[in-house]
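1. A predicted structure for the sequence below; I have some questions about it.
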Amino acid sequence: MARVLVEGVEKSFGRTRVLKGVDLEVQDREFLVLLGPSGCGKTTLLRIVAGLEWPDRGRVFLGEREVTHLPPRARGLAMVFQNYAVFPHLTVFENIAFGLRMRRLPERVVREKVGWAAELLRIGELLSRYPAQLSGGQRQRVAVARALAVEPEVLLMDEPLSNLDALLRLELRAELKRLLKEAGITTLYVTHDQVEAMGMADRIAVMREGEIVQCDLPLEVYRNPRDTFVGGFLGNPPMNFLRLGPGAASTLLGRSFSCEVLVGVRPEDLEVYGAEVPGAFPGRVLVVEPLGPHQLVTLEAFGQALKATVPSSLPLRPGEEVWLKASPEGVRLFDPQTGRAWSEVERAP
């Protein structure tokens, strides 16, 4: 069993608390993504799991073994870095074989495992080349093949696609998801790219300022964020937040309120009409951005700006008066003071 368990991990650098008692469990063969902005502690947490940093407090387990203070080579894992970290003086074959040779495996076994990993990553025809003769995407494939060749119990990946162009990133994202499922390797993957996280993860753990604020299935995190940080970080464009008094909230939500509320609604859950319809509220178009099959529209309503994603076939012009209607299933309520999502009980008017 190759699960990863982190219990109460804390880490400080000088006076800066980077991790504040993090608890996390990655199930056997699960692909879990640590998602968050720069400086939130996700890479530090990954390095602690890898053994490249030791926690000030807390414990780390791989399977049933506590590995908190074991060196990386004793943990049975592999790591893929953002900058590829391939050896420029070695061929692709020798790069992939490096970890196997360190384990003093027979040459026959080395060749078999290199061939398997190269075939899996579709770089079998590149084995005699040097890294300088490869594209960025090919070098990243070499780094992943080297990690997989040693058949690790756990694979750690630190923003491995961030240095690639958008098209290549899209291609490798799908391939990585496929091959890691085929290999059945428990994977902990760090990224600040929410599209990458949504597309690849079995579960997403969203981090903020050294803490995990929500960990769940990608669509659950997306549709039901626990607070405004998660709602605002996940999504492109992010969730709209409207601070509304009792009267405006009643107009938007169709039921009475006695206090101010913070309403969250994603751009795709807003419908835009050229004429008044039942249950809609008035707005004004500020900016129209054509994006191919749809257009992103910035509007003003209740004296606040918000965004809506609408079909390109809907003709809209800046300055035009429109009517907006929010999908009831897409509306979320948050506490105006704390930013936390309201529970069903707290939502009662």
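-> All right, it came through fine.

2. distance of residue 177 relative to residue 324?
-> From residue 177 across to residue 324, the span is 36 Å (Cβ to Cβ, to the nearest Å). (C-beta placed from N, C-alpha, C; glycine too.)

3. between those two, which one's more packed in?
-> residue 324 (21 against 16; other Cβ atoms under 10 Å).

4. where do the helices of the chain begin and end?
-> 42-50, 92-102, 107-120, 136-149, 166-183, 194-200, 218-223, 228-233, 246-253 (DSSP state H).

5. so which bits of the fifth one are buried?
-> Think helix 166-183. The neighbour-count check on helix 166-183 (16 or more other Cβ atoms under 10 Å) flags 168, 169, 172, 173, 175, 176, 177, 179, 180, 183 as buried.

6. how far off centre is that helix?
-> Distance of helix 166-183 from the chain centroid (Cα atoms, centre = their mean, to the nearest Å) equals 14 Å.

7. roughly how far does the residue positioned nearest the centre of the chain sit from residue 307?
-> When the chain is reduced to its mean C-alpha position, the closest residue under Cα atoms, centre = their mean turns out to be residue 197, at 2.9 Å. Going from residue 197 to residue 307 by Cβ to Cβ gives 21 Å.

8. residues contacting residue 174?
-> residue 199 (Cβ atoms under 8 Å, 6 or more residues apart in numbering).

9. do you know how far it is from residue 205?
-> According to Cβ to Cβ, residue 174 and residue 205 sit 22 Å apart.

10. output the below-cut-off pLDDT ranges for this structure.
-> 1, 343-349 (pLDDT under 70).

11. can you rerun that using 80?
-> Counting by pLDDT under 80, the ranges of the chain that qualify are 1, 82-85, 120-121, 162-169, 171-172, 250-257, 343-349.

12. for stretch 232-246, measure first residue to last.
-> For stretch 232-246, the first-to-last residue distance is 23 Å (Cα to Cα, to the nearest Å).

13. list the buried residues for that stretch?
-> 232, 233, 234, 235, 237, 238, 239, 240, 241, 242, 244.

14. got a list of what the fourth one touches?
-> By Cβ under 8 Å, 6+ apart, the contact set of residue 235 is 194, 222, 266, 267.

15. for the last one, the count of nearby residues, please.
-> This points to residue 267. Residue 267 sits with 21 neighbouring residues when counted by other Cβ under 10 Å.

16. pretty sure it sits against residue 305.
-> No - using Cβ atoms under 8 Å, residue 267 is not in contact with residue 305, being 11.8 Å away.

17. return the member of the buried residues of stretch 232-246 nearest to residue 318.
-> residue 237 (17.6 Å; Cβ to Cβ).

18. spatially nearest residue to that closest one (excluding sequence neighbours)?
-> residue 307 (4.9 Å; Cβ to Cβ, 6 or more residues apart in numbering).

19. what of residue 3?
-> Using Cβ to Cβ, 6+ apart, the closest residue to residue 3 is residue 28 (4.9 Å).

20. neighbours around the one you found, how many?
-> By other Cβ under 10 Å, 14 other residues sit near residue 28.

21. hmm, residue 186 and it touching each other?
-> Yes - counting by Cβ under 8 Å, residue 28 touches residue 186, with 5.9 Å between them.

22. mutual contacts of those two, please.
-> Common contact partners of residue 28 and residue 186 (Cβ under 8 Å, 6+ apart): 2, 3.

23. and residue 302, backbone torsions?
-> phi 60, psi 30 (degrees, to the nearest 10).

24. I'd say it and residue 248 touch.
-> Yes - with contacts counted by Cβ under 8 Å, residue 302 reaches residue 248, the gap being 5.0 Å.

25. any residues in contact with both of the two?
-> residue 242.

26. quick one on the thing from earlier: contacting residues around the residue nearest to the centre of the chain?
-> With Cβ under 8 Å, 6+ apart, residue 197 has these contacts: 33, 35, 191, 204, 218, 234.
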